[in-house]
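> Show me how the following folds:
(chains A, B and C)
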Amino acid sequence: MSIITLLTDFGIDDEYVGLMKGVILSIDPTAVIVDITHQIDPQDLVQAAYVIKSAYRFFPKGSVHLIVVDPGVGGRRAIIAVQMMEHVFVAPDNGVLTLLAAVRKIDKMVRLTNHRYFLESISPTFHGRDIIAPAGAHLAKGVQLSNLGPEVDPTSMVKLPDIGCRISESGELVGKIVSIDRFGNLITNIDSKSLTAYCQSESDARVQIRIGYRVIFGLADTYASAGSKIPLALIGSRRYLEVAVNQGSAKQYFNAKKGDTISVISNP
Amino acid sequence: MSIITLLTDFGIDDEYVGLMKGVILSIDPTAVIVDITHQIDPQDLVQAAYVIKSAYRFFPKGSVHLIVVDPGVGGRRAIIAVQMMEHVFVAPDNGVLTLLAAVRKIDKMVRLTNHRYFLESISPTFHGRDIIAPAGAHLAKGVQLSNLGPEVDPTSMVKLPDIGCRISESGELVGKIVSIDRFGNLITNIDSKSLTAYCQSESDARVQIRIGYRVIFGLADTYASAGSKIPLALIGSRRYLEVAVNQGSAKQYFNAKKGDTISVISNP
Amino acid sequence: MSIITLLTDFGIDDEYVGLMKGVILSIDPTAVIVDITHQIDPQDLVQAAYVIKSAYRFFPKGSVHLIVVDPGVGGRRAIIAVQMMEHVFVAPDNGVLTLLAAVRKIDKMVRLTNHRYFLESISPTFHGRDIIAPAGAHLAKGVQLSNLGPEVDPTSMVKLPDIGCRISESGELVGKIVSIDRFGNLITNIDSKSLTAYCQSESDARVQIRIGYRVIFGLADTYASAGSKIPLALIGSRRYLEVAVNQGSAKQYFNAKKGDTISVISNP
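Numbers count the residues shown, from 1 in each chain, chains lettered A, B, ... in the order given. Below you'll find the predicted structure:
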């Protein structure tokens, strides 16, 4: 019995996710399939990259993670399977694994070419169902990565440029909003390590968080540590900087949208 | 093999629910996890209280129900595990179990304090993942309630005030809309028992249901018993009074919203 | 261990789907339950008919498919179980199985009447939970179709009229949009076989696809074969004609809605 996770931009209105599960269970009836989310904004590789990086470690070692955010489906991009940290990731080679590759060593990477592990008939528009799902099911069943296709140099993996936060010329730590969750919390690409390095200490009371023309002073520990409807900044459950409004929506409060800049100034 | 249900206000856009499942399966790989719903309106404890009360009894005895609607996360509210009716419920002690506690005797209630059954690192903003999910998985695996923390007096459980329907001074049975379902049906907090007691008989043709300035005469058995696009009232599948429009939406017809008053007058 | 799929118009905001799963697992704790989708537009039998026809074949033989799109719940429509192609389908007899019945021989069809396989108390408004879910679970556990009720003549099954595409008097192949997916792709009821028969060859470069006043020339193989933001037509993963916009939304581009006409002209 193996765990297979699914992370896609398919949404849930259509039968697409259900079909992937049908394909998986046809090959490995004992697979335990878990949806991470299917609500990645269509073709948003950056958002998906942050989600898979934050999510995989809560699953048992040996899990197989299938990521289908695939703007280039039917084109010339490869599909790869990557082994690292005792997890396996199967995805188009389009940069969606950029953040994983940045933190840990890839043990093995193959390019999926062996049709024996795909569906017999491959639609040019739905490789999630026809290639990634069956390959993932075979991996979950114990097929070795090397059976799926030729090993390739992990350094050749496609990377997304400028995905992380950066220090600006004026000395600010500059990031952006990569997800807005259901509660209206603004989740940035400023990770706690970068923030700590920048501030010397996360709990530095003199840090300022800027969003548009507004400033939040200091980092909170919990949503409840600000008054009701008061904005705050904290390190969220992903271990990234988040801007929230206690018992309210930071999205509405700041009229914020994905991609907006959020920056940190220390000891100003 | 045990069944673990999830009821949250996390929505499905984010990875939060998936992470809870990963945590559960890391502890109990044989757990069967069922989503009741994740679309409780953010922090709406009343709505969640009605859903869990209506839902639990369709699951096998021995099921573990995890409820994460948690406006006070990171604050001083306790997390409790409650055993009753051969089911186990794990939730913040914030009133979300009010209706369950009202109908049946609680056999045992403990306050979760034993970190051995939590994740090693506990985020101040996501106790669903870090405390409730792992505790629930351990319970599903057979760990006894008493291992999770000290037993507490069930009567000390936090209760939501004024959650049920009531008889008004003028003698009406007054309730409110607690959920509006996908079909636009208006689901009230007027339970069939209170209604029967009030009317002597649910099928009393002379009962009137008032919503705003409008009145529906009598209770129907099925949606189809009214003409097309005609409003009706009935005891719905939850066993609560529901206002519906046959082949239409009562939400639109009455321009209704959650919290609106619906009242019943008998033998007027 | 058997697979049970669910296809409904219940949405995911309410507890309805969760309750069906609870009922199933109470009867067959080893059932593997897969959601095909619950986002069929309320009471849209045509949309559901196309989804189940496209979806079932990706699941293993022996799967039990429960379809609950049921505008006549509580009325006089029957509930049927149908065996065909080594799959079992349980649904209201309201036409939702029209397309399956059109392509293959029904091996056996019964009308569900045996209360032994239903819940004890049957709500007049939720037969999905009280009849279809328990009957499906018993079938998955190995109960024979004939135990559920009397066999009926498969030709008596209710059919949806005019569900497929047709040749118009002026010689066009005329269809309509039956689904619009999350990416804004317009999925029609023009199946690849009808299209091939009409055009002699799917790849006939001289075919024209008309949507409103606009025309797309020829069929593409992949979304990426058109320029960015350029509309195209192709045979989609369902094997039906689809109109898409590469890296964009055909729904927005054409301001299209479900039910709109799309037609094909060959060798004009």
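
> how near is the residue of the stretch 101-250 of chain A found nearest chain C to C:Leu234?
Scanning the stretch 101-250 of chain A for proximity to chain C using Cβ to the nearest Cβ identifies A:Phe126 as nearest, at 3.6 Å. All C-beta spots, glycine's among them, are computed from the backbone N, C-alpha and C. Remark: distance between A:Phe126 and C:Leu234 (Cβ to Cβ, to the nearest Å) = 11 Å.

> Can you tell me the element the spatially most central residue of chain A falls in?
Geometric centre of chain A, nearest residue: A:Val51, 2.5 Å, by Cα atoms, centre = their mean. Following DSSP states H and E, the helix or strand that holds A:Val51 is helix A:45-55.

> That helix close to chain C?
No - for helix A:45-55, no contact with chain C is found by Cβ under 8 Å from any Cβ of the partner chain; the gap never falls below 12.7 Å.

> just checking, what packs against that helix?
In terms of contacts (3 or more Cβ pairs under 8 Å, 6 or more residues apart in numbering or on different chains; DSSP states H and E), helix A:45-55 is packed against strand A:3-8, strand A:32-37, strand A:64-68, helix A:98-103, strand A:173-180, strand A:186-191, helix B:16-27.

> How many residues are close by the residue of chain A at minimum distance from chain B?
Of the residues in chain A, the one nearest chain B is A:Thr222, at a distance of 2.9 Å by Cβ to the nearest Cβ. The local packing of A:Thr222 (other Cβ atoms under 10 Å in any protein chain shown) involves 17 other residues.

> Contact partners for it?
A:Thr222 makes contacts with A:Leu234, B:Val73, B:Gly74, B:Gly75, B:Pro124, B:Thr125, as judged by Cβ atoms under 8 Å, 6 or more residues apart in numbering or on different chains.

> returning to that earlier point: give the contact list for the closest residue to the residue nearest to the centre of chain A other than its chain neighbours.
The shortest distance from A:Val51 to any residue that is not its chain neighbour, by Cβ to Cβ, 6 or more residues apart in numbering or on different chains, is 5.1 Å, and that residue is B:Glu15. By Cβ under 8 Å, 6+ apart, the residues touching B:Glu15 are A:Leu7, A:Ile36, A:Thr37, A:Val51, A:Ser54, A:Ala55.

> at 7 Å what do you get?
Under the criterion of Cβ atoms under 7 Å, 6 or more residues apart in numbering or on different chains, the contact list for B:Glu15 reads A:Ile36, A:Thr37, A:Val51, A:Ser54, A:Ala55.

> try A:Ile131
Going by Cβ under 7 Å, 6+ apart, A:Ile131 touches A:Ile79, A:Leu112, A:Phe118, A:Ile122.

> now the helix or strand of chain A with the lowest mean pLDDT, how far from the chain's geometric center?
Each helix and strand of chain A was given a mean pLDDT (mean pLDDT, DSSP states H and E); the minimum falls on helix A:192-199 at a mean of 89. The chain centroid and the centroid of helix A:192-199 are separated by 20 Å, computed with Cα atoms, centre = their mean, to the nearest Å.

> what's that helix packed up against?
In terms of contacts (3 or more Cβ pairs under 7 Å, 6 or more residues apart in numbering or on different chains; DSSP states H and E), helix A:192-199 is packed against strand A:173-180.

> Let me know the secondary structure of A:Leu241.
Put simply, A:Leu241 is strand when judged by DSSP: H, G, I helix; E, B strand; the rest coil.

> all strands for the stretch 151-268 of chain A, in order.
Secondary structure of the stretch 151-268 of chain A (DSSP state E, counting those that start in this stretch): strands located at A:166-167, A:173-180, A:186-191, A:208-211, A:214-217, A:231-235, A:240-245, A:261-265.

> and these as a markdown table, adding distance to C:Asp153 and mean pLDDT?
Formatted as a markdown table, the entries for the strands of the stretch 151-268 of chain A read as follows, by distance: least, Cβ to Cβ, whole Å; pLDDT from 0 to 100:
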| stretch | distance to C:Asp153 | mean pLDDT |
| --- | --- | --- |
| strand A:166-167 | 71 | 94 |
| strand A:173-180 | 55 | 96 |
| strand A:186-191 | 58 | 97 |
| strand A:208-211 | 68 | 94 |
| strand A:214-217 | 71 | 93 |
| strand A:231-235 | 66 | 95 |
| strand A:240-245 | 62 | 96 |
| strand A:261-265 | 67 | 95 |
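
> Can I get the ones you listed in a markdown table including mean neighbour count and distance to chain B?
Formatted as a markdown table, the entries for the strands of the stretch 151-268 of chain A read as follows, by neighbours: other Cβ atoms under 10 Å in any protein chain shown; distance: least, Cβ to the nearest Cβ, whole Å:
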| stretch | mean neighbour count | distance to chain B |
| --- | --- | --- |
| strand A:166-167 | 14 | 25 |
| strand A:173-180 | 22 | 7 |
| strand A:186-191 | 26 | 9 |
| strand A:208-211 | 20 | 16 |
| strand A:214-217 | 15 | 16 |
| strand A:231-235 | 24 | 7 |
| strand A:240-245 | 26 | 8 |
| strand A:261-265 | 21 | 17 |
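
> Contact residues of chain A facing chain C?
Near chain C, the residues belonging to chain A are A:10-15, A:18-19, A:21-23, A:25-26, A:29, A:42, A:71-75, A:123-126, A:129 when assessed by Cβ under 7 Å from any Cβ of the partner chain.

> one more time with 8 Å, if that's ok
Close to chain C, as judged by Cβ under 8 Å from any Cβ, chain A has residues A:9-19, A:21-23, A:25-26, A:29-30, A:42-43, A:71-75, A:123-126, A:129-130.

> Pull up the gap between the residue nearest to A:Val51 and B:Ile131, please.
As defined by Cβ to Cβ, B:Glu15 lies at a distance of 18 Å from B:Ile131.

> again with A:Met85
Plainly put, A:Met85 is 25 Å away from B:Ile131 if you go by Cβ to Cβ.

> any low-confidence regions in chain A?
In the prediction, chain A carries residues with pLDDT under 70 at positions A:1, A:201-205, A:267-268.

> How about A:Leu99, nearest residue that isn't a chain neighbour?
Leaving out its chain neighbours, the residue that sits closest to A:Leu99 by Cβ to Cβ, 6+ apart is A:Lys53, at 4.0 Å.

> Surely that neighbour touches A:Leu100?
Yes - A:Lys53 is within contact range of A:Leu100, at 5.6 Å (criterion: Cβ atoms under 8 Å).
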